[in-house]
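Q: Here is my input, please return the structure:
(one chain, ligands or ions: 2)
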Amino acid sequence: MSTEVWSKADLHIHSNHSDGTGSIPQIMEYAATKTDLKVIAITDHNTIEGALFAKELEDLYGIEVVIGEEVSSKEGHVLGLFITEEIEPGLSALETIRRITDQGGTAIIPHPFSAQGVYGPFGRSAFLATLSDMAFNALEVYNSVPYLGLANRLAAKVFSGGQGIAAVGGSDAHMVHSVGRGYTVFRGTTADDLRRSIDELETHAEADRGGLALALRYVRAVPQIRRLRAANWERCRVTS
Ligand SMILES: [Zn+2]
Ligand SMILES: [Zn+2]
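A: Ligands and ions are numbered 1, 2, ... in the order given. Now for the predicted structure:
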């Protein structure tokens, strides 16, 4: 690959099709006009409905969309990108990863050491023990949800050994203004380039924290996020 052009992609965004507060058009408008992201992945909890809608709007907004899903596996959340078929929640993490890769998708373990992460807050040894069995493609070493600082640092630390897994970042945005606060830097400009760059382990994670104002905005949005989670309970629950 000769290109030395590097671009940004936010690989982890929720819409109001699960527990995000923003609609797909609001997310697309924000990403296209307020960020320098080239690619965004819509990754609602246990549904690709919003992602399919976003894909239809990509020409209108001039930003490329990756169809994704944040699947609630028995052990915790698993992100599937570049998928075409929705994956049901409640399967083992291993089976969830298999269903993602079987349909040509890219499997990512998001916020691996958070409470809803596959390895839980204290799972460093479990992570190392299962690494060889879990055929995922990438680990989210940066997630911009406030209060995940420790989990992010642990993910980055465990990762620093370099186990042949790509490092990616995402905002895990549940509000439009959080889109792009965490992102993945990849070689090239398109979604195809992004996928290839992950496969070739070239990517890395970066943060654009947005400071205190964004953290306060998040705190104010929490009741609304909880209400959306309740309204979309069947979609958002962790089935364990
Ligand atoms: Zn999650
Ligand atoms: Zn998420």
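Q: Can you list phi and psi of Ile108 for me?
A: phi -130, psi 140 (degrees, to the nearest 10).
Q: any idea which helix is longest in the chain?
A: Counting residues, the longest helix in the chain under DSSP state H turns out to be helix 211-231.
Q: Mean pLDDT per helix and strand in the protein: which one sits at the bottom?
A: helix 124-130 (a mean of 64; mean pLDDT, DSSP states H and E).
Q: ok, now how distant is the residue of the chain found nearest ligand 2 from Gly62?
A: The nearest approach of the chain to ligand 2 comes at Asp172, 4.3 Å away (CB to the ion). All C-beta spots, glycine's among them, are computed from the backbone N, C-alpha and C. Asp172 sits 24 Å away from Gly62, going by CB to CB, to the nearest Å.
Q: And the pLDDT at Asp102?
A: Here, the pLDDT recorded for Asp102 equals 95.
Q: Tell me what the closest residue to Arg237 other than its chain neighbours is bridged to.
A: Once flanking residues are discounted, Arg237 sits nearest to Ser72: 6.5 Å by CB to CB, 6 or more residues apart in numbering. In this entry, Ser72 is beta-bridged to His77, by DSSP bridges.
Q: what's around Ser72, how many residues?
A: Look at Ser72: counted by other CB atoms under 10 Å, it has 24 neighbours.
Q: Does it touch Pro89 like I think?
A: Yes. Counting by CB atoms under 8 Å, Ser72 touches Pro89, with 4.0 Å between them.
Q: Any residues of the protein in contact with ligand 2? List them.
A: 70, 172 (CB under 5 Å from the ion).
Q: OK, contacts around Val141?
A: 152, 155-156, 159, 167-169, 205 (CB atoms under 8 Å, 6 or more residues apart in numbering).
Q: one more time with 6 Å, if that's ok
A: 155-156, 159, 167, 205 (CB atoms under 6 Å, 6 or more residues apart in numbering).
Q: again with Glu75
A: 93, 118.
Q: Wait, a helix at it?
A: No. Per DSSP: H, G, I helix; E, B strand; the rest coil, Glu75 lies outside any helix segment and is coil.
Q: what's the pLDDT at it?
A: So, for Glu75, pLDDT stands at 85.
Q: State the distance from it to Gly90.
A: 11 Å.
Q: backbone phi and psi for Val65, please?
A: Residue torsions, per degrees, to the nearest 10, at Val65 are phi -110, psi 140.
Q: and if you look at the one 5 residues further on?
A: Geometry field for Glu70 lists phi and psi as phi -100, psi 100, criterion degrees, to the nearest 10.
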